[in-house]
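Enquirer: My questions concern the predicted model and sequence given below.
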Amino acid sequence: MKERAKVAVLISGRGSNMAALVYAAKADDCPYEIILVASNDPAAPGLQLAEAEGIDTFAHPHKGLNRAELDQIMHEAVTKTGAEYIALAGYMRILSDEFVSKWQDHMLNIHPSLLPKYKGLNTYQRALDSGDTQAGCSVHLVTPELDDGPVLAQTAVAILSDDTADLLAERVLIAEHQLYSTTLAKYVTREMDPNWILAEVRKRALALEETYERPSFGAPGWRVGSEKTGKYFAYFSHRHFGETGTSLFVKTSGLDEQSALLDADPDLYFAPKFYGKSGWIAIRLDTGRTDWGHIADCLKKSWRMVAPRRLTRMLDIADEF
Ligand code: GRF
């Protein structure tokens with residue numbers, strides 16, 4: 001298995017969600033590990049629990065510090081451990097935009113409502129007061145706006161006729177404990193998920209001029225030119241064309257370049273079975289370490305080899321200077 005993703009959890013209190021993440025991480029096949037639990041409150045009960053589980057802890061009281069100062073202290077404590085992700089779990093401080101942008105796409109939060117409903121506090125009472133039949137919880141990516149980032153997953157929890165905010169909170173909490181660890185596990189392995197990989201390739205292929213997606217023998221492929229007569233410059237293979245794994249086929253300038261690439265990085269490149277003969281190269285996309293800038297360059301180079309001259313002329317002219 002690939003090395004586990006390193007996660008720091010930020011808490012302010014009880015830390016039951018943190019505990020749920022810690023216990024789930026004890027499973028052999030859990031793709032993340034909790035390497036730090038940090039708090040803005042040295043008395044947070046969750047810290048004691050984390051310590052007892054042998055996890056490093058860090059606490060720094062927020063009193064007397066402004067938002068940016070506290071965030072900087074937390075950021076340093078977290079980065080020192082080598083954490084790649086932050087999971088907020090009942091962390092009751094509003095974060096500075098700067099801190100959020102440093103952890104963009106690498107910081108998750110759990111919120112006890114079905115977002116976008118009921119951002120902020122008192123979510124249970126607000127759901128009851130509105131006469132909702134369902135409450136729930138959401139795990140979302142953190143963006144500068146409070147409780148506003150893209151929702152990764154939600155669990156709905158039925159509201160009972162004699163519910164109180166406390167009773168509802170108890171049941172939502174059970175759902176939270178399930179949802180957070182499964183969502184975090186899925187998120188940290190997203191780069192291995194063929195659907196996620198395909199979406200990333202598609203974004204870059206279709207960003208090139210006059211490109212269209214058109215399947216070829218069941219595999220997604222991209223052509224340049226007109227929709228009917230365009231030429232393929234890329235194929236996405238997830239167990240297609242007699243291959244295993246997930247890869248991208250692009251054109252090279254010919255067999256010489258193909259063999260140079262194979263020599264240069266045999267872990268990354270291979271010659272695809274049917275297309276290899278005509279100089280196509282396959283790039284592995286399931287290593288978990290894809291350099292997406294490189295993929296965009298390869299797509300562009302391949303596109304340029306088959307694109308109509310009216311599209312490439314300006315690039316050719318620029319090259320001559
Ligand atoms: C949870 O309800 C969570 O959704 C919210 O804060 C509460 C934290 O509880 N963000 P705990 O500290 O994880 O027990």
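Expert: All right, it came through fine. Just so you know, these numbers come straight off a predicted model, no measurement behind them. Residues are numbered from 1 along each chain as shown.

Enquirer: Next up, identify which helix or strand Leu115 is on.
Expert: Under the criterion DSSP states H and E, no helix or strand holds Leu115.

Enquirer: One more: Phe99?
Expert: Secondary structure (DSSP H and E) places Phe99 in helix 97-102.

Enquirer: Show me what residue of the stretch 201-321 of the chain gets nearest to the ligand.
Expert: Gly288 (29.0 Å; Cβ to the nearest ligand atom). (Each C-beta comes from the backbone N, C-alpha and C, glycine too.)

Enquirer: do the same with the stretch 1-150 of the chain
Expert: Using Cβ to the nearest ligand atom, the single residue of the stretch 1-150 of the chain nearest to the ligand is Gly90, 2.6 Å away.

Enquirer: In contact with that residue, which residues are there?
Expert: Residues near Gly90 by Cβ atoms under 8 Å, 6 or more residues apart in numbering: Ile11, Ser12, Gly13, Arg14, Gly15, Ser16, Asn17, Met18, Gly46, Ile110.

Enquirer: now swap in Leu121 and tell me
Expert: Taking Cβ under 8 Å, 6+ apart as the definition, Leu121 has no contacts.

Enquirer: who's in contact with the residue most central in space within the chain?
Expert: Closest residue to the average C-alpha location of the chain: Tyr187 at 5.0 Å, with Cα atoms, centre = their mean. Applying Cβ under 8 Å, 6+ apart to Tyr187 gives the contacts Tyr85, Leu108, Leu152.

Enquirer: who's the second one bridged to?
Expert: On DSSP bridges, the residues paired with Leu108 through beta bridges are Ala87, Leu141.

Enquirer: what about it, distance to Leu47?
Expert: Distance of Leu108 to Leu47, computed by Cβ to Cβ, to the nearest Å: 20 Å.

Enquirer: all helices for this protein, in order.
Expert: Counting by DSSP state H, the chain has helices at residues 16-24, 45-52, 67-80, 97-102, 123-129, 165-188, 194-206, 255-264, 292-306, 309-320.

Enquirer: Tell me the buried residues in the shortest one?
Expert: Taking 16 or more other Cβ atoms under 10 Å as the neighbour-count basis, helix 97-102 is seen to contain the buried residues Phe99, Val100, Lys102.

Enquirer: near the ligand, which residues of the protein show up?
Expert: Counting by Cβ under 6 Å from any ligand atom, the chain comes close to the ligand at 11, 13-18, 89-90, 110-112, 137, 173, 176.

Enquirer: Can you select the buried ones from the residues you listed in ChimeraX?
Expert: Filtering those down to the buried ones (16+ other Cβ under 10 Å) takes a single ChimeraX command:
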select :11,13,15,16,17,18,89,90,110,111,112,137,173,176
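
Enquirer: For Tyr85, see how far away the residue nearest to the centre of the chain is.
Expert: 8 Å.

Enquirer: Please identify every residue contacting each of those two.
Expert: Residues touching both Tyr187 and Tyr85 by Cβ under 8 Å, 6+ apart: Leu108.

Enquirer: In JSON lines: the helices of the chain, plus mean pLDDT.
Expert: Formatted as JSON lines, the helices of the chain follow (pLDDT from 0 to 100):
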{"stretch": "helix 16-24", "mean pLDDT": "98"}
{"stretch": "helix 45-52", "mean pLDDT": "97"}
{"stretch": "helix 67-80", "mean pLDDT": "97"}
{"stretch": "helix 97-102", "mean pLDDT": "97"}
{"stretch": "helix 123-129", "mean pLDDT": "98"}
{"stretch": "helix 165-188", "mean pLDDT": "98"}
{"stretch": "helix 194-206", "mean pLDDT": "96"}
{"stretch": "helix 255-264", "mean pLDDT": "97"}
{"stretch": "helix 292-306", "mean pLDDT": "97"}
{"stretch": "helix 309-320", "mean pLDDT": "84"}
